[in-house]
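**Q** structure of the sequence below:
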Amino acid sequence: MAILGLAHRLTGFAVSLWLLLLGATGSLLALQEDWLPLVQPAITGPLPGAGDESAAGLARRVRAAEAGFGKDRVWALVLAGPSNALDQIYLRDQTGGGFLDPHSGAVIARWRGNERFVDVLFELHRSLLLGQGAKKAVGIVGLAGLVLVLSGLVLAWPAIRRWRGAAWPRSATRAAMVVAHRELGLIVALPLLVTMTTGVAVVFPATTKALLRAVSGLPAPSASISKPVDAAADIAWQAVFTAALERFPDASPRVVILPAAPGSPIAVWLRQPAEWHPNGRTTVDATADGTVIQTRDAVAVPLTDRLVSEAYAVHAAKVGGPIYRFALALTGLALALLASYGAIAYARRLFGRR
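**A** Predicted coordinates for the structure are as follows:
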């Protein structure tokens with residue numbers, strides 16, 4: 001227990017600032033659907049009127065994005081839906097984006113880089129604004145957080161009889177910080193395990209799937225090989241969407257990812273009614289003339305893969321409604337407080353009043 005306690009304190013002290021940051025930013029992001037309409041009322045909220053999700057209508061919306069932002073600059077288009085009033089454009093190399101009216105195709109807003117507060121908040125939570133490579137570091141911190149919660153439960157268990165549910169320290173002394181750290185940790189241990197486990201699954205999906213398959217004994221899904229396609233000057237968007245809707249007639253198209261290079265396939269993400277992920281994980285890859293190369297039915301995959309696919313929806317409070325969003329926001333706040341209490345208590349143990 002002494003060695004476990006020392007490891008718990010050292011690990012917690014090493015990652016305390018990062019856990020505080022993850023908790024605070026995660027709390028704000030969990031409530032994004034509640035505060036974003038107040039900040040940007042014109043571009044959020046329910047879709048005003050039925051959007052045209054026919055193949056012809058979807059093709060028109062993609063062409064409007066290419067015309068408004070440049071054919072070679074558009075990387076992806078997130079289509080308007082129940083919680084987004086406008087189509088959102090993402091530009092290549094994270095150079096910015098914008099919004100389009102899904103009915104008229106008019107450009108409503110455009111920005112460069114991370115000019116929007118919500119984008120800065122998301123990137124700060126995901127990668128400390130250090131780019132895609134830093135996502136793995138965040139995942140490692142999440143793993144450390146999992147170890148801290150589990151070891152903390154073991155260390156706090158002998159004192160469970162003295163538990164009073166005091167989440168706020170009675171004073172600024174080291175002893176009061178330790179007690180508040182232990183009491184609050186026992187309160188939020190379960191939601192923290194859920195949040196950190198799903199966060200790690202989002203960062204390391206392949207590893208998580210492999211571990212789940214090893215534990216469950218379920219086989220991996222058969223892999224389909226994407227063949228190279230011929231480059232084409234123009235994309236027959238209506239044919240692409242027609243092919244996607246024919247494969248999954250009950251699904252709603254949510255995201256279009258344009259070819260990264262000539263000859264690369266086009267990816268259409270669709271959301272089936274049984275999926276939790278707001279943008280779905282059912283995909284259709286097609287050539288520029290609408291020939292389907294491969295598909296992925298996110299509902300028909302093995303349970304292990306389905307769990308990992310839906311981890312983002314659980315981690316980002318995209319399911320469960322406002323009650324779950326509020327609970328997840330409180331969990332993020334609790335993580336920030338836990339990191340603060342533990343770091344202050346251990347720092348005072350090391351350095352005293354200094």
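
**Q** going forward, measure contacts and count neighbours with C-alpha atoms only.
**A** Noted.

**Q** isn't there a strand covering Gly26?
**A** No - using DSSP: H, G, I helix; E, B strand; the rest coil, the assignment for Gly26 is helix, not a strand.

**Q** tell me how far it lies from Ile140.
**A** Counting by Cα to Cα, to the nearest Å, the gap from Gly26 to Ile140 is 16 Å.

**Q** quick one: the strands in the chain, in order.
**A** 74-78, 87-91, 96-100, 107-112, 252-257, 266-271, 282-286, 292-296 (DSSP state E).

**Q** any stretches of the stretch 51-200 of the chain with poor pLDDT?
**A** Residues of the stretch 51-200 of the chain that meet the criterion pLDDT under 70 lie in 51-52, 82-83.

**Q** just the helices in it please.
**A** Using DSSP state H, counting those that start in this stretch, the helices found in the stretch 51-200 of the chain span residues 55-69, 117-127, 135-156, 174-203.

**Q** okay if I get those as a markdown table plus mean neighbour count?
**A** Shown next, in a markdown table, are the helices of the stretch 51-200 of the chain (neighbours: other Cα atoms under 10 Å):
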| stretch | mean neighbour count |
| --- | --- |
| helix 55-69 | 19 |
| helix 117-127 | 17 |
| helix 135-156 | 18 |
| helix 174-203 | 20 |
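
**Q** would you turn those into CSV with distance to Leu10?
**A** Listed next are the helices of the stretch 51-200 of the chain as CSV, based on distance: least, Cα to Cα, whole Å:
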stretch, distance to Leu10
helix 55-69, 49
helix 117-127, 23
helix 135-156, 10
helix 174-203, 14
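
**Q** these: which one's closest to Ala109?
**A** helix 55-69 (10.6 Å; Cα to Cα).

**Q** now find how far off-centre the closest one is within its chain.
**A** Taking Cα atoms, centre = their mean, to the nearest Å, the mean C-alpha location of helix 55-69 is offset from the chain mean by 26 Å.

**Q** now what about that helix, what contacts it?
**A** By Cα atoms under 8 Å, 6 or more residues apart in numbering, the residues outside helix 55-69 that reach it are 52, 71-74, 77, 89, 100, 102, 105-107, 237-239, 241-242, 245.

**Q** before we move on, what about stretch 140-150?
**A** 8, 11-12, 15, 18-19, 185, 189, 192-193, 196-197, 199-200.

**Q** Serialize the strands of the chain to a markdown table and add fields for distance to Glu33 and mean neighbour count.
**A** Output for the strands of the chain, formatted as a markdown table (distance: least, Cα to Cα, whole Å; neighbours: other Cα atoms under 10 Å):
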| stretch | distance to Glu33 | mean neighbour count |
| --- | --- | --- |
| strand 74-78 | 16 | 22 |
| strand 87-91 | 16 | 23 |
| strand 96-100 | 17 | 23 |
| strand 107-112 | 19 | 14 |
| strand 252-257 | 18 | 22 |
| strand 266-271 | 19 | 24 |
| strand 282-286 | 24 | 24 |
| strand 292-296 | 29 | 17 |
